[in-house]
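Colleague: attaching a predicted model along with its sequence, questions to come.
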Amino acid sequence: MAIATFGAGCFWGVEYFFRQVPGVINATSGYMGGGDNAVTYEQVKKGTTGHAEVVQVEYDASQVSYDDLLQVFWKNHNPTSLNQQGADMGTQYRSVVFFHDKEQKQQAEASKLALMRSGKWGLRQIVTEIVPAQTFHKAEEYHQDYIRKNDLPSCHIEY
């Protein structure tokens, strides 16, 4: 089993989309990027901890590739929006790929470059950070699988 970690705004929608991907074993909402200190949602939502809302994806690499996961990531948020996705504003909602090894870093950088070269976003700059993974802090249980548990429509659209 392999692990990938992505931040793309509200983790509820990000988790929802990754759960739909064949080969994804689990998608867990949490926090990363603000260091090792344990945090709560109440702390992170203030935007002062340095953490981003993220989803840690456990996947079977024989069924789905990291590149496939990157494509889901790019398609389901606006990577040109700095520290904001829709109405969610602040560094905790930044677009970020946390890589777990050298290969993930290379693939993430290559996919970002390919997206920039595609012209899909016109002259807008892709602001997605590609940074080393840090300590993952699992979000509170009520955030896990939130959209399904609350019978909500998805909070993201495919771009």
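Modeller: The structure has been received and is ready for your questions.
Colleague: C-alpha only now, for contacts and for neighbours.
Modeller: Noted.
Colleague: in a helix, that's where residue 39 is, yeah?
Modeller: No. Counting by DSSP: H, G, I helix; E, B strand; the rest coil, residue 39 is not part of a helix but coil.
Colleague: what about it, distance to residue 139?
Modeller: As judged by CA to CA, to the nearest Å, residue 39 and residue 139 stand 9 Å apart.
Colleague: overlap of the contact sets of those two?
Modeller: Shared contacts of residue 39 and residue 139 (CA atoms under 8 Å, 6 or more residues apart in numbering): residue 31.
Colleague: pLDDT value on residue 19, please?
Modeller: Looking at residue 19, its pLDDT stands at 94.
Colleague: I'd assumed residue 28 was in contact with it.
Modeller: No. In this structure, residue 19 is not within contact of residue 28 by CA atoms under 8 Å, at 9.3 Å.
Colleague: which of those two has more residues huddled nearby?
Modeller: residue 28 (26 against 18; other CA atoms under 10 Å).
Colleague: next, the residue of the chain positioned farthest from its centre: phi, psi?
Modeller: Farthest-out residue of the chain from its mean C-alpha position, per CA atoms, centre = their mean: residue 123, at 23.3 Å. With angles defined as degrees, to the nearest 10, residue 123 sits at phi -90, psi 0.
Colleague: from residue 80, how far off is it?
Modeller: According to CA to CA, residue 123 and residue 80 sit 10 Å apart.
Colleague: got it, and residue 5?
Modeller: From residue 5 across to residue 80, the span is 19 Å (CA to CA).
Colleague: okay, the two: which has more neighbours?
Modeller: A count of neighbours by other CA under 10 Å puts residue 5 above the other of residue 5 and residue 80, at 26 against 16.
Colleague: surely the more buried one is within a strand?
Modeller: Yes. Looking at residue 5 with three-state DSSP, it is inside a strand.
Colleague: so what's it bridging to?
Modeller: Residue 5 forms beta bridges with residue 56, residue 98, as assigned by DSSP bridges.
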